[in-house]
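1. I'll drop the sequence and a predicted model, then ask my questions.
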Amino acid sequence: MSLRFAILGLLTSGELSGYEITRRFEQSVGYFWHARAQQIYPELARLESEGLVIGRAVPQAGRPDKRVYTITSRGLDELTAWVLTPSPLTLTKDEFLVKVWSYGLVDPAAALAALEQHRRQQEERLAAYRAIEAAFEGAHPEAVPPAFLGPYLTLRAGITFVESFLAWADDAARILRARLTQPPQSAS
């Protein structure tokens, strides 16, 4: 359900092709909601059939025509109504945490190495978020223009989530390091 509204939200910035939506999705909404092109194009067709977007063909030299989409006033109305509806609490669906769940079955040194590798990936993600944050050029949070308020707030959520993960990873690493010097225990 959120995919349709993510697409509508992207179209509030102006007319976009399916390819442009896919690229922008990866560079913005994709940090917290994953979708592939194979999902986006059929959703665009549904949105168009429902009158929430209007598509038009744009001729291209030497290539097939591309289709660009614009959000309709009805689409904007649906998007703004949806934005204010309550959302259910979401559960984290994280493969890494499923692996951590079973760390008691493996050598603590191997678990620590896996944790440290994942921590480095999260540090890289945090650096990417910080680079995006720098694009706001030190704007005071209350002064962020309305068109960028949502992206700014979700960016701040991403930064907070990664910082929280890194704090947890430090604690988990401390626990794993302490187990390096302990004799193995039976799984009972």
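-> Received it, and whenever you're ready, just let me know what you need.
2. state whether A111 is indeed within a helix.
-> Yes. Assessed with DSSP: H, G, I helix; E, B strand; the rest coil, A111 lies in a helix.
3. offset the numbering so it begins at 54, please.
-> All right, first residue 54 from here; so that's A164.
4. skipping its backbone neighbours, what lies nearest it in space?
-> Distances taken as C-beta to C-beta, 6 or more residues apart in numbering place Y156 nearest to A164, at 4.3 Å, with adjacent residues excluded. Every residue, glycine included, has its C-beta placed from N, CA and C.
5. okay, the one helix or strand in the chain whose mean pLDDT sits lowest in CSV with CA atoms only?
-> Across the helices and strands of the chain, mean confidence by mean pLDDT, DSSP states H and E is lowest for helix 71-80: a mean of 86. Backbone C-alpha positions of helix 71-80 (Å, rounded to 0.1, in the frame of the first residue of the first chain) are rendered in CSV as follows:
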residue,chain,number,x,y,z
GLY,A,71,9.1,5.6,-14.6
TYR,A,72,12.9,5.4,-14.9
GLU,A,73,13.3,8.7,-13.1
ILE,A,74,10.9,7.6,-10.4
THR,A,75,12.9,4.4,-10.0
ARG,A,76,16.2,6.3,-9.7
ARG,A,77,14.7,8.9,-7.3
PHE,A,78,13.2,6.1,-5.3
GLU,A,79,16.6,4.5,-4.8
GLN,A,80,18.1,7.9,-3.7
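6. from the contact counts, what lies against that helix?
-> helix 55-64, helix 90-102, strand 116-124 (3 or more C-beta pairs under 8 Å, 6 or more residues apart in numbering; DSSP states H and E).
7. contacts for the second one, please.
-> With C-beta atoms under 8 Å, 6 or more residues apart in numbering as the test, helix 90-102 has contacts from 56-57, 60-61, 71-72, 74-75, 78, 106-108, 122, 128.
8. distance between that helix and the chain's centre?
-> 19 Å (C-alpha atoms, centre = their mean, to the nearest Å).
9. please apply the same query to the last one.
-> Taking C-alpha atoms, centre = their mean, the mean C-alpha location of strand 116-124 is offset from the chain mean by 25 Å.
10. now the helix or strand following it against helix 90-102, angle please.
-> Once strand 116-124 ends, the next helix or strand along the chain (criterion: DSSP states H and E) is helix 126-136. Our comparison of helix 126-136 with helix 90-102, counting by axes from the mean of the first three to the mean of the last three C-alpha atoms, to 10 degrees, yields an angle of 120 degrees.
11. show me what the helix or strand following helix 126-136 is packed up against.
-> Following helix 126-136 in sequence order, the next helix or strand is helix 148-154 (DSSP H and E). Counting contacts by 3+ C-beta pairs under 8 Å, 6+ apart, helix 148-154 is packed against helix 161-187.
12. can you pull the buried residues of the helix or strand following the helix it packs on?
-> Following helix 161-187 in sequence order, the next helix or strand is helix 199-233 (DSSP H and E). Buried residues in helix 199-233, counted by 16 or more other C-beta atoms under 10 Å: P204, Y205, L208, G211, I212, F214, V215, F218, A222, A225, L229, R232.
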